[in-house]
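In: please work out how this folds:
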Amino acid sequence: MRPRTWTTGRCWLYCLRPQVPVVWLGPVQTEGQQAELYACEDCVRKLNALVWEALRQRDRAPAR
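Out: Numbering: from 1, shown residues only. Alright, predicted model coming up:
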């Protein structure tokens, strides 16, 4: 895994703050178009928490 490279820009996730340190999370697609997704540290933490919560819920779900 390569180290994260931080740059200054707008957070595209929850806070939408301009001119903050952001890191590239990957490409996003909508209606056939693609753009680069950047997020600040606070929003990356929120996203990680949501992912871990979803994984815990999935692991507790009854088998089908």
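In: for Gly9, list the residues it contacts.
Out: Counting by C-beta atoms under 8 Å, 6 or more residues apart in numbering, Gly9 touches Pro18, Gln19, Val20, Val22, Tyr38. Where you see a C-beta, it was placed from the backbone N, CA and C, and this is true even at glycine.
In: please spell out the segments of this protein that come in under the pLDDT threshold.
Out: 1-2, 63-64 (pLDDT under 70).
In: and the longest strand for it?
Out: strand 20-30 (DSSP state E).
In: that one - contacts with which helices or strands?
Out: strand 6-9, strand 33-40, helix 41-60 (3 or more C-beta pairs under 8 Å, 6 or more residues apart in numbering; DSSP states H and E).
In: hmm, back to that, narrow the contacts of Gly9 to just the buried residues.
Out: Among the contacts of Gly9, those buried by neighbour count (16 or more other C-beta atoms under 10 Å) are Val20, Val22, Tyr38.
In: mind checking how far the second one is from Tyr38?
Out: Right, the one you point to is Val22. In this view, Val22 and Tyr38 are 4 Å apart by C-beta to C-beta, to the nearest Å.
In: common neighbours of these two, please.
Out: In terms of C-beta under 8 Å, 6+ apart, Val22 and Tyr38 are both contacted by the residues Thr7, Gly9, Arg10, Cys11, Trp12.
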